[in-house]
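Colleague: Have a look at this prediction, sequence included:
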Amino acid sequence: MYGIARMSSVTDLLDGEVPRLSGLDLEAPQPRLAPGLARLSRPAGGVISAIARTWSSIWFQNSTTVPLEIVRIGVGAAVLFHYGMGTPYLFDLWGDRGWMPPEIAQAYIAAPWMQSIFYYFSAPWQWIAFHAAFLFCCTAFVVGWRTSWVKWIVLLGQISYDHRNLTIVYGADSIVACLLFILCLAPVGGAVSLDRVRAVRAAKRNNLEATLPSYSSPWAGACIRLMQIQMAVLFFYSATDKLRVEEWWNGDAVWMALATYEFYQPVVLHFLARHFWLVNIATYSTVLIELAFPFLVWQRATRPFLLAAAVLLHLMFFFLLRLVYFSFVMTMGHMSFLYPDWLHRLGAWWKRRMGAMEMIYDGRCGFCVRSMAWFLAFDGLGQVTVRDFRTAPSAVVAEAQLEKALYTVLPDGRALAGFEAYRHVVLRVPGLWWLVPLFYVPVLSRLIGHPIYNWVAANRSRLSAMTGPKKWRIPAAYSAFSLFLAWHTIATLLSPAPASNVIVRSFRSLFQPYLTLTGIDTTWDFFSPLSRSYLFQYAIEDADGKQHIYTPIADVSWLTPNHRWDERIFATLISNPALIGDYFASEFCRQHAALKPLSVTLLYLDEHDYWPQDYFAGKQRTTDPANYTLTPVLRAACPQQ
């Protein structure tokens, strides 16, 4: 698949061997060289062959797609949740009549390659139709249905949402774009997917004993390597940027981050103020993990420890900094480092733990055979064996009983009939866990499940009648894929590199269209430098001249993407009130129409440094005026009714 059949054939070609085509006996031409040239060509050919073998061993190792499938499911679910939560705000965030109209959005566009499909829409139904199609494709991407084409629509949507409103984009969106782009290049859908289920079901409909080999290819290994390099580069640049900031050297950076309005948690700050040494450990550990990861994660002996450290780091980001989307997406990206044999051993352990299960069915019933083929298609670990009692009678269950219902026989000799047989299997086969609610909802599963199964078993004969029964050239493909891998790797390394060097600037001009169009042009300077946080408020003056102050971000749950969007929106509002201030001023006036507002004032709370000694002095981080400076940003009159 993807033009690469067997990399040993490719290296054979590079070693000078001529492939033999079936049915043909081709004599390779033997050009004659002068003795001197022949002696020179031998070491050169050996060097080229060694380089080719090394290149293939790095990039084109035959690999299963399972690590990429885990990334697909996780990233797809994150994108689905992220933009699904944005559905009520579709026109506000990405529409022409929202707070970021096209003419203002274009001011943030840095290059003509920053494109969005939303710039070509003119009617509201077009936004709705695309958003619905995008969410549908995200769902299909997660479950692995028609993966080969829905993944491109997911990538198109991600880039379009990002480039339509750059003010609400942050690091997590860039990471998602990078991972989605690699997943689009990869042959995902070959495992842990409905596409795999469909293929297995098609094979088993002809023969329930048939097995479909696990999909693997050298190109899958190349795409896994691309994603691993992406994650390593991200950590490397994040660490080196931190080393330029004094707070990361003196060990105070974690405190400074947690003491900001954005990440403030009283309980956490209370604990750390009394145990400040933990702040120093957390600060230095963060830099150490990010520095060690790009260099030590490649060794098999150290990979488990580096991978565990990286996941732990992002769990801390999740709970302490409440960076839900960012932490989850980063963790999913790290799943590309899972060795396939780790997953194989985990599957073997689960299979031993659950024990053998034999399902006995009626081979003369076409509906039963097709149902079993569908059921077994989800058993990716091969936990269930099958027996046709018509051709292989069971020593445990009598034929008269098998005429009435399907049975599952367990290692201890127990035999479960009908609904209970399916119920036992569903809980123990991971591919069938999506059916657990149907079989395990208290009362209803037995109240409804048993009658439905009994009816199907009694009418299976009637149901059976109703349902009834180019090759790529290896050298060219290898060369093309190798050139692309080299190109994308250079782009990945170049994107976050400082542009102060003239050589870097020259190369960036060559790669810039590619970086921008694919949405992977970004720096990975997370928390470097550590900037002061802000708090946005607005004051409504009512008809009696009384001031009412509101903090809109306080009403938004940090578990939802709306919290991060609002933070970015208010940051834009504070930095550029002349651009979008009037829109939000009128919106706030409309929201508080019951107060009969006369005016609205947009306020910016600029925080001051807050240290443990301030905490012990009894100063409150968010309420003590000594900890911030309140600055008016914009005052506007409210329209009078």
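Modeller: Received the coordinates, thanks.

Colleague: In a strand, residue 639, correct?
Modeller: No. Counting by DSSP: H, G, I helix; E, B strand; the rest coil, residue 639 is not found in a strand; it is coil.

Colleague: Please report the distance of it from residue 347.
Modeller: Computed with CB to CB, to the nearest Å, the distance linking residue 639 and residue 347 is 64 Å. Any C-beta I mention is one placed from the backbone N, CA and C, and that applies to glycine too.

Colleague: and what of residue 570?
Modeller: In this view, residue 570 and residue 347 are 47 Å apart by CB to CB.

Colleague: More neighbours: the two, which one.
Modeller: Applying other CB atoms under 10 Å to residue 570 and residue 347 shows that residue 570 carries more neighbours, namely 20 against 16.

Colleague: Can you list phi and psi of that one for me?
Modeller: When quoted as degrees, to the nearest 10, the phi and psi of residue 570 stand at phi -70, psi -30.

Colleague: Number the chain from 123, please
Modeller: Let's use 123 as the start, then, which means that last one is residue 692.

Colleague: Alpha carbons of stretch 277-295, as CSV, please.
Modeller: Extracted in CSV, the C-alpha atoms of stretch 277-295 (Å, rounded to 0.1, in the frame of the first residue of the first chain):
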residue,chain,number,x,y,z
LEU,A,277,-7.8,18.7,8.5
LEU,A,278,-9.5,21.2,6.2
GLY,A,279,-11.9,22.2,8.9
GLN,A,280,-9.2,22.6,11.6
ILE,A,281,-7.1,24.9,9.4
SER,A,282,-10.2,26.8,8.3
TYR,A,283,-11.4,27.5,11.8
ASP,A,284,-7.9,28.5,12.8
HIS,A,285,-7.3,30.9,10.0
ARG,A,286,-10.8,32.4,10.1
ASN,A,287,-10.2,33.8,13.6
LEU,A,288,-6.5,33.8,14.6
THR,A,289,-7.2,35.7,17.8
ILE,A,290,-8.6,32.6,19.5
VAL,A,291,-5.9,30.2,18.3
TYR,A,292,-3.3,29.1,20.8
GLY,A,293,-0.7,26.3,21.1
ALA,A,294,-3.0,23.4,21.3
ASP,A,295,-4.6,24.3,17.9
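
Colleague: what number of residues lie near residue 608?
Modeller: Residues within reach of residue 608, counting by other CB under 10 Å, total 12.

Colleague: Same question for the one 3 residues further on.
Modeller: Around residue 611 sit 16 other residues, with neighbours defined as other CB under 10 Å.

Colleague: repeat for residue 211
Modeller: Using other CB under 10 Å, residue 211 is surrounded by 15 other residues.

Colleague: One more: residue 312?
Modeller: 24.

Colleague: so how many other residues sit close to the closest residue to residue 343 other than its chain neighbours?
Modeller: Setting aside the residues directly before and after it, residue 343 is nearest to residue 185 in space (CB to CB, 6 or more residues apart in numbering), at 3.6 Å. Here the number of neighbours of residue 185 (other CB under 10 Å) works out to 20.

Colleague: May I have the residues that are in contact with residue 185?
Modeller: Contacts here follow CB atoms under 8 Å, 6 or more residues apart in numbering; on that basis residue 185 touches 338-340, 342-343, 346, 462.

Colleague: where does the closest residue to residue 679 other than its chain neighbours fall, phi/psi-wise?
Modeller: Once flanking residues are discounted, residue 679 sits nearest to residue 685: 6.4 Å by CB to CB, 6+ apart. Here is the backbone geometry of residue 685 (degrees, to the nearest 10): phi -60, psi -50.

Colleague: Pull up the gap between residue 685 and residue 754, please.
Modeller: Counting by CB to CB, the gap from residue 685 to residue 754 is 25 Å.

Colleague: Neighbour count for these two, which is higher?
Modeller: Relative neighbour count places residue 685 above the other of residue 685 and residue 754, with 17 against 11, counting by other CB under 10 Å.
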